[in-house]
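> quick one, structure for this:
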Amino acid sequence: MISIENYKDNPEMVISNLLVKLNERVFLKTEIDVVYSDLVNWERSNLLNIGGNSDKGDWKRLNYFEYVWLKIIQELRVFGFSYEEIEQYKTELMSEITLDEIMIASKIDLDNIEEQLGKKVINDLNLIENSGYDESEKLGISHFEIMITRIIGSGENWSLLFFKDIPGFFFPLSVETLRAFDKNERTDIPQELLSKTFLSISLSEIIAKFLVEGKNAFEKKTISILTKNEHSLLKHIRKGYANVKSIKIRFRNKEMELLEVTSLKKVKMEARLLEYINKGDYQSISIDTVDGKIVNFENTQKIKL
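Numbers count the residues shown, from 1 in each chain. Now for the predicted structure:
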């Protein structure tokens, strides 16, 4: 988990630590709040690249950036955005930022950058500008990564606006970005965009899933978006899923209390049924017969959570 208090109004920590933290692989694919088959399908369709080109088993877990992007894909799909449209957004968001873009942004949004990243960064940028630089030089970090880092560093609410009639175009919306437009007397730009039809996805809401209060929680090395009971439910669904016929969930005080898992097992001989009975791995059994012969039985287990 990540504590926002470690980074808000602390530019030195943002620069030295936050990017490293956000690249940690902490989300196991099978334990996140996204349907696993959807995740696999999006990977195959190049909407999602978990682990990049690494051969260290990184494909098993997502880092924080990948998780946020995964949740954005999920929202875009719910609202009818096609794979092609999403891939266009991915291309733009995941493109590496150039040195020239940083220089231009620092002039437009100097106060916010200095507040979040510190005076040293501004001084370094001034030195670079005065020394002459390659405008096309890439900095090894994407627009998306910069955005997520700034959200945590600022502690402000951010959303991304997606416009169906402008392919690949997105607009980051926050008090911070509106303040920059106002300072530069370009409020006509957000006004024009906000007059169009768009889908707004709250980045702050997604990020809040792995933010906690307090500085001690920063040191935790593992994370699951699911509660303990939700994780247990998924385990029982995936365990022998081909034989699962139904799962009933009983609640108490809005919390899952009991699972009833009914499995369908085929039996070729009565002797096999006796084996199951002798094992005692059941709590109730329902037997189906055809022409007087046992063909299968339903085994229901009750699991207290």
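> over to S95: give its phi and psi.
phi -70, psi 140 (degrees, to the nearest 10).
> what about it, how many residues nearby?
Look at S95: counted by other Cβ atoms under 10 Å, it has 13 neighbours. In short, each C-beta sits where N, CA and C put it, glycine included.
> roughly how far apart are it and E87?
Shown here: S95 relative to E87, a distance of 13 Å by Cβ to Cβ, to the nearest Å.
> likewise K71?
Applying Cβ to Cβ, one obtains 17 Å for the distance of K71 from E87.
> so for the two, which sits in the more crowded spot?
Between K71 and E87, K71 has the larger neighbour count (other Cβ under 10 Å), namely 20 against 13.
> surely the more buried one is in contact with D38?
No. Under the criterion of Cβ atoms under 8 Å, K71 makes no contact with D38, lying 11.5 Å away.
> which strand or helix spans E75?
According to DSSP states H and E, E75 maps onto helix 64-78.
> show me what counts as buried in the next helix or strand after that helix.
Remark: after helix 64-78, the chain's next helix or strand is helix 83-93, criterion DSSP H and E. The neighbour-count criterion (16 or more other Cβ atoms under 10 Å) identifies I86, Q88, Y89, K90, L93 as the buried residues of helix 83-93.
> OK, contacts around the second one?
Listed by Cβ atoms under 8 Å, 6 or more residues apart in numbering, the contact set of Q88 reads P167, G168.
> got a pLDDT number for it?
Listed pLDDT for Q88 reads 94.
> strands of the stretch 151-300 of the chain, start to end?
Assigned by DSSP state E, counting those that start in this stretch, the stretch 151-300 of the chain shows strands spanning 158-162, 170-174, 199-202, 211-212, 244-252, 255-266, 284-290, 293-304.
> worst mean pLDDT among these?
Between the strands of the stretch 151-300 of the chain, the model is least confident about strand 284-290 (mean pLDDT), which shows a mean of 63.
> can I get stretch 243-256 in CSV? Just the C-alpha atoms.
What follows is the C-alpha trace of stretch 243-256 in CSV, where atoms were taken according to Å, rounded to 0.1, in the frame of the first residue of the first chain:
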residue,chain,number,x,y,z
ASN,A,243,-17.2,-29.4,-12.0
VAL,A,244,-18.8,-26.5,-10.1
LYS,A,245,-22.6,-26.3,-10.7
SER,A,246,-23.6,-23.5,-8.3
ILE,A,247,-22.3,-21.4,-5.5
LYS,A,248,-24.6,-19.8,-2.9
ILE,A,249,-23.4,-17.0,-0.7
ARG,A,250,-25.0,-16.2,2.6
PHE,A,251,-24.5,-12.8,4.2
ARG,A,252,-24.7,-11.4,7.7
ASN,A,253,-24.5,-7.6,8.4
LYS,A,254,-23.5,-7.0,4.7
GLU,A,255,-20.5,-9.4,5.0
MET,A,256,-20.1,-12.8,3.4
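> buried ones in that stretch, by neighbour count?
Taking 16+ other Cβ under 10 Å as the criterion, stretch 243-256 shows M256 as buried.
> from here on, count from 49
Sure, I'll start numbering at 49, so the last one becomes stretch 291-304.
> what angle sits between the helix holding E123 and strand 218-222?
110 degrees (axes from the mean of the first three to the mean of the last three Cα atoms, to 10 degrees).
> tell me the mean pLDDT over helix 112-126?
Taken as a whole, helix 112-126 carries a mean pLDDT of 94.
> okay, buried residues for that helix please.
Result for helix 112-126 [16+ other Cβ under 10 Å]: buried residues 112-125.
> could you give the angle of that helix to strand 206-210?
Going by the same axes, to 10 degrees, helix 112-126 makes 40 degrees with strand 206-210.
> and for helix 112-126, what are the contacting residues?
By Cβ under 8 Å, 6+ apart, the residues outside helix 112-126 that reach it are 50, 69-72, 74-75, 80, 82, 86-87, 90, 95-96, 98, 110, 133-134, 137-138, 141-142, 192-193, 196, 208, 210, 247, 249, 251, 254-255, 258.
> swap in stretch 207-224?
Residues outside stretch 207-224 that contact it (Cβ under 8 Å, 6+ apart): 120, 124, 129, 133, 136-137, 139-141, 157, 160, 195, 198-199, 202, 204-206, 238, 241, 244-252.
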